[in-house]
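Participant: Need coordinates for the below:
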Amino acid sequence: MGDVALLAPAVQAIAQHYPDRQLTVVTRPRLAAFFEGMAGVRVFPADLQGRHKGLKGLYQLYRDLKQSGEIEYVIDTHQNLRTSVLKSFFAFSGIRSTTIDKGRSDKKALTRPEHKVLKQLPHSVERYQQTFEKAGYRAQIAAPPYFALGAQDELERYLIDQGVADKSTNVQWIGLAPFAQHQQKMWPFDRMQQMLELITQHRNVRIFLFGGGEDEIAQLQTLEKAFPQALLVAGKLSFRAELNLIHRLDLMICMDSGNMHLAALNGVPVLSIWGATHPFAGFGPWMQSEKNIVQIPTEELSCRPCSVFGNKPCARGDLACLNWITPETVANRAIELLQPE
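Facilitator: You can find the predicted model right below:
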């Protein structure tokens, strides 16, 4: 999801700079929300679990795309086996393509156990922009936000039901998204309550709890019970309504996760907590500064980063990259980022 969301700034820029071109974004139907409202952009839904599943399904996807309108060029921003197969079908029709350079060798050097090459690599948004440039399309990316605000009525009903229809000028809205795809990217959950207690001592806040799935919701419910100003969002809103709510936040506290990207691309200040991964890999909060990132410096923990995506087991066995981060550190940074009352 994060990869697709990060495509939105580049697509928006190209669409605005080339109004005589139509861009067709091929992605899962649920992720169409990232591109809604962009003039000259349409989303073609890929049914990768049904009609477009497997090799036969990819050929059907190629045929469906050909029948949907004229295609002059294929820009592969994913670079995996599925897109390679799809490009080969278009190549047989004489349609050219360009493929993203993911910088895999540089990322490997960044995350290897010894002799790491610690340098900032191009951000994913910049890599997407460079891929369009290779195809001959150049455009300057604007500052966020990038997403259209849909599901307005649904969100308003939810807020009214929760008794927070109006955003008071003296109450700041914080989003908390404490989960990530891999354990090596998640700060210990038991520290969330202490961190929130410290923030609420210094700021008048409303807390919105983001997550998904039964296990995550069960953990978030413990925070909802502990804080009267906390509201559970997980499982209560559609994806479009969640995007709209995120846009209204004053701060999102999160991990290196999809929610981090959704908030940053919505133009919302982000405080992200990093463990096994590192912003150097090019996945940091877009257009936000180092003060929006909490992490143990590589000078103090030379094993960081140990992987690009956080999917490798901790070589130390103690997840020091996360366990060394204290609730006080996170709370103090959050208070700093929030505007004074």
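
Participant: Would you tell me which helix is longest in the chain?
Facilitator: Assignment by DSSP state H gives helix 54-68 as the longest helix of the chain.

Participant: tell me what that helix is packed against?
Facilitator: Helix 54-68 sits against strand 23-27, strand 41-45, helix 81-92, with contacts defined as 3 or more Cβ pairs under 8 Å, 6 or more residues apart in numbering; DSSP states H and E. For every residue, glycine as well, the C-beta is placed using N, CA and C.

Participant: Would you map out the domains in this protein?
Facilitator: As assigned by automatic domain parsing, the chain contains the domains 2-134, 152-337.

Participant: so which of those domains is the most packed in?
Facilitator: domain 152-337 (a mean of 19; mean count of other Cβ atoms under 10 Å).

Participant: Nearest spatial neighbour of residue 257, chain-adjacent residues omitted?
Facilitator: Counting by Cβ to Cβ, 6 or more residues apart in numbering, residue 180 is the residue found nearest to residue 257 once chain neighbours are left out, at 4.2 Å.

Participant: ok, now which ones touch that neighbour?
Facilitator: Contact analysis of residue 180 by Cβ atoms under 8 Å, 6 or more residues apart in numbering lists 186, 255-257, 310.

Participant: what's near enough to touch the nearest residue to residue 142 once chain neighbours are set aside?
Facilitator: Of all residues not flanking residue 142 in the chain, residue 13 sits nearest, at 6.5 Å (Cβ to Cβ, 6+ apart). Residue 13 sits next to 129, 139-142 when contact means Cβ under 8 Å, 6+ apart.

Participant: Surely residue 13 is in a strand?
Facilitator: No: counting by DSSP: H, G, I helix; E, B strand; the rest coil, residue 13 is located in no strand; its state is helix.

Participant: any idea of the pLDDT on it?
Facilitator: Residue 13 is assigned 98 on the pLDDT scale.

Participant: gap between it and residue 139?
Facilitator: Noted for residue 13: a distance of 4 Å to residue 139, by Cβ to Cβ, to the nearest Å.

Participant: quick one: the strands in the stretch 101-250 of the chain?
Facilitator: For the stretch 101-250 of the chain, the strands defined by DSSP state E, counting those that start in this stretch occupy 172-177, 205-209, 230-232.

Participant: Go ahead and confirm residue 276 touches residue 301.
Facilitator: No: between residue 276 and residue 301 there is no contact under Cβ atoms under 8 Å: 10.3 Å.

Participant: Need the overlap of contacts for these two.
Facilitator: Contact criterion Cβ under 8 Å, 6+ apart; residues shared by residue 276 and residue 301: residue 321.

Participant: pretty sure residue 238 contacts residue 151?
Facilitator: Yes: between residue 238 and residue 151 there is a contact at 5.5 Å, judged by Cβ under 8 Å.

Participant: Reformat the helices and strands packed on helix 54-68 into CSV and put mean pLDDT and distance to residue 249 next to each item.
Facilitator: Conversion of these to CSV gives the following (pLDDT from 0 to 100; distance: least, Cβ to Cβ, whole Å):
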stretch, mean pLDDT, distance to residue 249
strand 23-27, 97, 25
strand 41-45, 97, 26
helix 81-92, 96, 34
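
Participant: Could you export the ones you listed as TSV, including distance to residue 53?
Facilitator: TSV is the format used below for the helices and strands packed on helix 54-68 (distance: least, Cβ to Cβ, whole Å):
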stretch	distance to residue 53
strand 23-27	15
strand 41-45	13
helix 81-92	10
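
Participant: Buried only: go through the contacts of residue 13 for me.
Facilitator: 129, 139, 141 (16 or more other Cβ atoms under 10 Å).

Participant: which residues does the second one contact?
Facilitator: The one in question is residue 139. Residues in contact with residue 139 (Cβ under 8 Å, 6+ apart) are 10, 13-14, 16-18, 129, 132.

Participant: Looking at those residues, which are in helices?
Facilitator: Mapping the contacts of residue 139 onto helices (DSSP H) picks out 10, 13-14, 16-17, 129, 132.

Participant: now, among those residues, which is nearest to residue 243?
Facilitator: Of all the ones in helices among the contacts of residue 139, residue 10 has the smallest distance to residue 243: 18.4 Å, by Cβ to Cβ.

Participant: Thank you, goodbye.
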